[in-house]
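Novice: Here is a sequence with its predicted model. Questions after.
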Amino acid sequence: MKKVVKFGGSSLASAEQFKKVGTIIQADENRRYVVPSAPGKRFSSDVKVTDMLYACYDAAEKGRDVSDQLEEIHSRYREIINGLNLNFSLDKDFEIIRENFQKKAGVDYAASRGEFLNGKIMASYLGFEFIDAAEVVRFNDDGTFNDKVTNDLLSERLKDRHTAVIPGFYGAKADGTVVTFSRGGSDITGSLVALAVHADLYENWTDVSGFLIADPRIVKNPKSIETITYKELRELSYMGAGVLHEDAIFPVRKAGIPINIRNTNSPEDKGTLIVESTCRQSKYTITGIAGTDGFAAITIEKGMMNSEIGFCRKVLQIFEDNGVSIEHMPSGIDTMTIFVNKSTFEEKEQKILSDIQRTVQPDHIELESDLALVAVVGRGMKSMRGTAGRIFSALAHAHINVKMIDQGSSELNIIVGVKHDDFKNAIRALYEIFVLTQI
Ligand code: ASP
């Protein structure tokens, strides 16, 4: 059995955290390929090393002396090395980094050093081989990611390696220019390594015990989700529940490799297992509740709209031409409502409204802002009677007016639109009915 283990920044922020990681890896000999992030925050007001590198490079680009900034970053690593009693130094690496900063090696190069250096420490601590991601994660000349070449390079390189440390977040073009993924991109590297070595499991270690049924800032001590499918996860992350980088899903999903989100600070917790499909029913009818705020709704009314061929297309075209993405589109016989992100819409509001007037000549247009959407997601809903009934009675009991209802055709989710002021109470009411008073 082979496992790829990725550790996030908070799991590697100090020598103490490194020790926990070491114990986790040593506890299971299948944990063979390790993907580290850069050191993250040690306490809430701390600064991530990646952010320090961005700031430092910015100063270097402006021609300022960055000795102090580099020394501060170096000291973060020194603290880890000394705390682990390693006979190891990054002095030479920092000399090279300083020179490359002077030569303006690029902002991606600068940011990538966080993972590069942490990977070196990790390899030395574990006694594993260090493989520079620049040699095995390939980007095209235009900066886009090349999955095919990466998979070839990674599998070739790891083929006869029993263990290895491959830093996350970056790779390079064929000419060696370093390119990073977007922020949080070490999750992607972990997924790529898992694909390349045909891992049985991709463990993603972070500082929470997996996904929670609802946002802990809204619901007190929500329970965690034991198993979730990729589709459910997509629905929940669209609505704002984030633990994992979205692009990390595709490579492993394609290969049927499950992801297990685990907590470095609480390794006995099972975390959340993300799978393609499962016959394991979730404990509750629903898997999760998520929501996002900040929507506006534009309702267009016109008599005989349903028989006017091309009506919807013309309206949608207006949003497309104005670069506004449509989030949801519930419709009636002579009405259609378009949900959009409020702040993007506001910039184009008057232009869009006049385009609609001119193009489809509606009888009436109504605007409503300050709306929130709440999604109840669960693979179990399909075979369960009364889920919608429970949602609406829970909301009615909480005196919440439902502005919109949208049941996805996959029957995986039911989305309700509510007023911004009712947003949190709606989530609490739904959590209560499905989780706390579950029969
Ligand atoms: N260190 C990078 C960041 O802070 C990448 C990562 O941690 O995944 O975004």
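Specialist: Happy to help now that I have it.
Novice: What about the closest residue to Val360 other than its chain neighbours, how many residues nearby?
Specialist: For Val360, ignoring the flanking residues on the chain, the nearest one in space by CB to CB, 6 or more residues apart in numbering is Lys314 at 5.4 Å. Glycine gets a C-beta too; all of them are placed from N, C-alpha and C. Per other CB atoms under 10 Å, the neighbour tally for Lys314 reads 13.
Novice: gap between Lys314 and Glu308?
Specialist: 9 Å (CB to CB, to the nearest Å).
Novice: Just give the nearest non-adjacent residue to Gln407, would you?
Specialist: Among residues not flanking Gln407 along the chain, Ile414 sits closest, at 4.9 Å (CB to CB, 6+ apart).
Novice: quick one: that neighbour from Leu236, how far?
Specialist: Counting by CB to CB - Ile414 and Leu236 are separated by 13 Å.
Novice: shared neighbours, those two?
Specialist: Ala375 (CB atoms under 8 Å, 6 or more residues apart in numbering).
Novice: pLDDT at the residue in the stretch 251-400 of the chain positioned nearest to the ligand, what is it?
Specialist: Closest to the ligand within the stretch 251-400 of the chain is Thr264: 13.6 Å, counting by CB to the nearest ligand atom. On the pLDDT scale, Thr264 is placed at 97.
Novice: What count of nearby residues applies to it?
Specialist: Residues within reach of Thr264, counting by other CB under 10 Å, total 19.
Novice: Now do the strand or helix carrying the residue nearest to Val360: which elements does it pack against?
Specialist: Element membership for Lys314, per DSSP states H and E: helix 311-321. Where contact means 3 or more CB pairs under 8 Å, 6 or more residues apart in numbering; DSSP states H and E, helix 311-321 is packed against strand 335-341, helix 342-360.
Novice: Just say which of these is most tucked in.
Specialist: strand 335-341 (a mean of 20; mean count of other CB atoms under 10 Å).
Novice: Close to the ligand: what parts of the stretch 151-300 of the chain are there?
Specialist: Within reach of the ligand by CB under 6 Å from any ligand atom, the stretch 151-300 of the chain has these residues: Gly168, Phe169, Arg183, Gly184, Gly185, Ser186.
Novice: Show me just the buried residues among those residues.
Specialist: Buried by 16 or more other CB atoms under 10 Å: Gly168, Phe169, Gly184, Gly185, Ser186, out of these.
Novice: Which two of these have the greatest separation?
Specialist: Gly168 and Gly184 (9.4 Å; CB to CB).
Novice: How about the residues of the stretch 1-150 of the chain by the ligand?
Specialist: Gly9, Ser37, Ala38, Lys48, Thr50, Gly114.
Novice: follow-up on the earlier one: pretty sure the residue nearest to Val360 is touching Arg358, no?
Specialist: No: judged on CB atoms under 8 Å, Lys314 makes no contact with Arg358 at a distance of 10.3 Å.
Novice: What is the burial count for the nearest residue to Pro167 once chain neighbours are set aside?
Specialist: Spatial nearest neighbour of Pro167, chain neighbours left out: Gly119 (3.3 Å); criterion: CB to CB, 6+ apart. Other residues lying near Gly119 total 27 when counted by other CB under 10 Å.
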